[in-house]
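[1] Here is my input, please return the structure:
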Amino acid sequence: MVKNIAIKSSFLQDLETRKRLKDLNLHELWNLILVKNFFKNIKSLSAKKLKDIYFNQKITHLGIGKEQYLRHPLRMAIFCKKYFPNSLSRLYITILFHNILEVGNFKEKEIITLLGKDFLNNIKILTINRNKQNNMKYLKNYYSMIIKNKDCFLVKIIDKYDNLFDLNKNNDNAVKKSYIQEIENFISPNLKNTELFEKAFIQNLDYNKKIIYEQ
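    Numbers count the residues shown, from 1 in each chain. A predicted model of the protein is given here:
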């Protein structure tokens, strides 16, 4: 007789993974997702140079220190490696520096010199104007540009997925509800809900909604 074995959903596996990642330092996180073949997309950049650029950034993010922030893109890369392994080499740089124009100290010309023009184009699409982030007309245009770009959309949903794990740490319930609403307005309608990641994403969203709306 075959015993029934309870298999945890990918979302619950990721919930446990996020807890384990807290015990790793930045260098250990980096080593988890370092893959050889992604360097074929950035021929002028060595692994050491890329790591130096990433670790030596000056980060300015309200309420979040540099180390705490730098962990976020590395976790995103870990999720990309799990769910979209064939895309990691193409998306790795965009993931690492997706917020560089907002929180980093590099100018556009420096980014082109360091990372290349193609990566800058994607980063510009992903960069949100915080002064307009509550403007519905602006958000519609912002997400429209992202949805049209397959790579940018993939990076954005991985970004949102990782952020959802920490959403309940925010003490402002209105901010949490706004974050959920933004996802439901612009992300959820564009998920096919057939891929493993998309199912995990919806479970993560529902998990947070249950916590937030029951408070």
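[2] Geometrically speaking, which residue is the centre of this protein?
    Asp159 (2.1 Å; Cα atoms, centre = their mean).
[3] In contact with it, which residues?
    76, 98, 126 (Cβ atoms under 8 Å, 6 or more residues apart in numbering). No exception for glycine: its C-beta is placed from N, CA and C like everyone else's.
[4] tell me the pLDDT at Asp176?
    I think there's a mix-up here, since residue 176 is Lys and not Asp. Lys176 carries a pLDDT value of 94.
[5] In which helix or strand does it reside?
    Element membership for Lys176, per DSSP states H and E: helix 173-186.
[6] Summarise which helices and strands that helix is packed against.
    On a contact count with 3 or more Cβ pairs under 8 Å, 6 or more residues apart in numbering; DSSP states H and E, helix 173-186 meets helix 136-148, helix 150-164, helix 196-213.
[7] now, of the ones you listed, which is deepest in the fold?
    Of all the helices and strands packed on helix 173-186, helix 150-164 has the most neighbours on average by mean count of other Cβ atoms under 10 Å, namely a mean of 20.
[8] Could I have the CA atoms of it written out in CSV?
    Output of helix 150-164 as CSV, limited to C-alpha atoms (Å, rounded to 0.1, in the frame of the first residue of the first chain):
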residue,chain,number,x,y,z
LYS,A,150,9.0,40.1,-21.8
ASP,A,151,12.2,40.4,-19.8
CYS,A,152,11.1,43.4,-17.8
PHE,A,153,7.8,41.8,-16.9
LEU,A,154,9.6,38.6,-15.7
VAL,A,155,12.0,40.7,-13.6
LYS,A,156,9.0,42.7,-12.2
ILE,A,157,7.0,39.7,-11.1
ILE,A,158,10.1,38.1,-9.4
ASP,A,159,10.6,41.5,-7.7
LYS,A,160,7.1,41.6,-6.5
TYR,A,161,7.2,38.0,-5.4
ASP,A,162,10.2,38.5,-3.2
ASN,A,163,8.8,41.7,-1.7
LEU,A,164,5.5,40.0,-0.8
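[9] I'd like the distance from it to the chain centre, please.
    5 Å (Cα atoms, centre = their mean, to the nearest Å).
[10] same question, stretch 156-170
    8 Å.
[11] what does stretch 18-33 give?
    Centroid separation between stretch 18-33 and its chain, computed with Cα atoms, centre = their mean, is 15 Å.
[12] same thing with stretch 12-28?
    For stretch 12-28, the separation from the chain centroid amounts to 15 Å (computed by Cα atoms, centre = their mean).
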